[in-house]
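K.L.:
Just to be clear, the model below is a prediction. Sequence and coordinates:
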Amino acid sequence: MINAIQTTIKNQISARGPQYFFLFNLLLLLVLRSVEISAQQKVFGNVFIPAGGEVTVFGAQDLGSGKITTARGIAHGTLNTTASAQFTNINGTHFVDGAVKKLNAGLSFFPVGDGTFYGPFTASSAGTTGMYFHSDPAGASFPVTARQATLSFVNNSEYWLIEGANTTPVTLTWNKASALADHLSKLDNIRIVGWKNGIWTEIPSRLDANSILGGPSSPQSGSITSSEAIKPDDFKAFAIGTKSETLPVTLVEFNVKKESSTAILSWTTTSETNSHHFAIERSGNSKTWQNIGIVKSLRESSARHEYHFVDSAPIHGINYYRLKMVDADETFAYSSVRSLDFDFASEGITTYPNPAFNVLKIQPRITDGNRRSQVTITDLNGRRYGTSTQWTGDDLNIEKLPSGIYILSVPTQSGEMVQTKFIVQK
């Protein structure tokens, strides 16, 4: 709903196209083209600004009852803010879902988000426009694997598009949904990064001891500010990354290969100082990682040494692998990511022992261990004997099944259904 705008809106529209206003409960839907609207007092939300539309606000803006949404894309809608505009009651559910443009010079808080995710930032120069995306920047042709050698990681969960011809300091934020904690061995290694000339580059920046989100910065929540004023137009996109550390290990090779239904990982070091171990991590989507094994390191070595690890239960589909190289003081860094594709849906699955008694083992594992799946057991007449919706890829308990021949149906990670027969003998 809009407070004190409805009665003044006709007098404050500079229209260059058709205007339509529809009031649905608490939703004011603005359907307009090339139209500017000035709001003198409070915007309570929810408001939608379509492509090409602009709403300019000044004074106190209370978002406690909803959020402002703008059309996204090249021809996006825009919420313009003035020097007097101040937003209150902004949080993880009440924000501007779309583009915000500041018309005045001076430090401004951009209360932007995407869907149910909140990703505000600050900038100071007049004319700065910004939008937040809670998605992999690779989807916008900014792959996180293309990065400077000084960077060990670029976050693939979120990014910002910030435009502006005038130089300004920029402050970016992160929270629990940013999933940065697993990538920070030292908080001081966090950096603002910008996409420039086809690669993510490090932007000199400093950690904010006190976050603009409130409270001290931590791996779970915080903010970081560029050390110098930058021109946003020099970069296509912005994100948060981490600076490479001087590792206790010199890793010269890391390779993965398929061998039947297993994955063989091998890596080579040429020197190790105060190293402790390698943690092998696997993912089915390159975002959520699972520790699948530990290999102890030599701790101290100046000679070439090869390490090996066997993943005997890869998942169906693409398996992503990386090494977490951990020092004796628990600092760590990650290797580059390698991947293998296993098509278990076409190869089928095997159950054992056969006949089985109380426990049925399934090989190969076709879920990633983090996603609950539904498995179904039927007899040869099609009678369903049980459905488990809590299966995560571990052994299946069949102690309640009577003797007989059964069909096990299991969905793969891609949604395909694979089946196999097994015998129960009591």
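P.N.:
Structure received.

K.L.:
Tell me where the stretch 201-350 of the chain has strands.
P.N.:
With DSSP state E, counting those that start in this stretch, the ranges of strands along the stretch 201-350 of the chain come out as 205-207, 222-226, 238-243, 249-259, 262-273, 275-283, 290-296, 300-301, 305-311, 317-327, 332-334, 338-342, 350-352.

K.L.:
which one of these is the most hemmed in?
P.N.:
strand 238-243 (a mean of 24; mean count of other CB atoms under 10 Å). C-beta: built from backbone N, CA, C; applies to glycine.

K.L.:
I'd like the strands of the stretch 201-350 of the chain as TSV, with distance to residue 131 and mean pLDDT appended.
P.N.:
Converted to TSV, these look like this (distance: least, CB to CB, whole Å; pLDDT from 0 to 100):
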stretch	distance to residue 131	mean pLDDT
strand 205-207	20	96
strand 222-226	18	98
strand 238-243	11	95
strand 249-259	36	92
strand 262-273	39	93
strand 275-283	28	94
strand 290-296	32	94
strand 300-301	49	88
strand 305-311	40	95
strand 317-327	29	91
strand 332-334	29	84
strand 338-342	31	92
strand 350-352	50	78
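
K.L.:
out of those strands, which comes closest to residue 51?
P.N.:
strand 238-243 (23.0 Å; CB to CB).

K.L.:
tell me, what residue is most central in the protein?
P.N.:
The chain has residue 157 as the residue nearest its centroid, 2.0 Å off, counting by CA atoms, centre = their mean.

K.L.:
quick one: low-confidence ranges for this structure?
P.N.:
Applying pLDDT under 70 to the chain picks out residues 1-45, 246-247, 344-349, 363-373, 386-394, 412-416.

K.L.:
where exactly do the helices run in it?
P.N.:
9-12, 344-347 (DSSP state H).

K.L.:
quick one: residue 167 from residue 204, how far?
P.N.:
14 Å (CB to CB, to the nearest Å).

K.L.:
Show me which of those two is the more surrounded one.
P.N.:
More neighbours surround residue 167 than the other of residue 167 and residue 204, with 15 against 10 (other CB atoms under 10 Å).

K.L.:
Now do that one against residue 196, distance only.
P.N.:
Distance from residue 167 to residue 196, counting by CB to CB: 15 Å.

K.L.:
Identify the residues contacting stretch 68-88?
P.N.:
Contact partners of stretch 68-88, identified using CB atoms under 8 Å, 6 or more residues apart in numbering, comprise 36, 43, 45-64, 95-104, 106, 108-109, 111, 129, 131.

K.L.:
which residues touch the closest residue to residue 334 other than its chain neighbours?
P.N.:
Closest residue to residue 334 apart from its sequence neighbours, by CB to CB, 6 or more residues apart in numbering: residue 322 at 5.4 Å. Residue 322 makes contact with 281, 289, 334, 335, 336, 337, 338, according to CB under 8 Å, 6+ apart.

K.L.:
hmm, 6 Å instead?
P.N.:
Residues counted as contacts of residue 322 (CB atoms under 6 Å, 6 or more residues apart in numbering) are 281, 334, 335, 337.

K.L.:
ok, the third one touching residue 254?
P.N.:
Yes. Checked against CB atoms under 6 Å, the pair residue 335 and residue 254 is within contact range at 5.1 Å.

K.L.:
circling back to that earlier point, turn the strands of the stretch 201-350 of the chain into CSV, including distance to residue 360.
P.N.:
Conversion of those to CSV gives the following (distance: least, CB to CB, whole Å):
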stretch, distance to residue 360
strand 205-207, 51
strand 222-226, 47
strand 238-243, 43
strand 249-259, 25
strand 262-273, 21
strand 275-283, 24
strand 290-296, 22
strand 300-301, 44
strand 305-311, 22
strand 317-327, 23
strand 332-334, 36
strand 338-342, 21
strand 350-352, 5
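
K.L.:
Count residues in the vicinity of residue 146, would you?
P.N.:
What residue 146 shows, counting by other CB under 10 Å, is a neighbour count of 13.

K.L.:
Contact partners for residue 193?
P.N.:
Going by CB under 6 Å, 6+ apart, residue 193 touches 154, 200, 202, 239, 241.

K.L.:
What of residue 268?
P.N.:
Counted by CB under 6 Å, 6+ apart, residue 268 has contacts 252, 253, 306.

K.L.:
can we see that at 8 Å?
P.N.:
Residue 268 neighbours (CB under 8 Å, 6+ apart): 251, 252, 253, 254, 304, 305, 306, 307.

K.L.:
How much space separates the closest residue to it other than its chain neighbours from residue 297?
P.N.:
Nearest residue to residue 268 in three dimensions, chain neighbours excluded: residue 253, at 4.1 Å (CB to CB, 6+ apart). Relative to residue 297, residue 253 is positioned 15 Å away (criterion: CB to CB).
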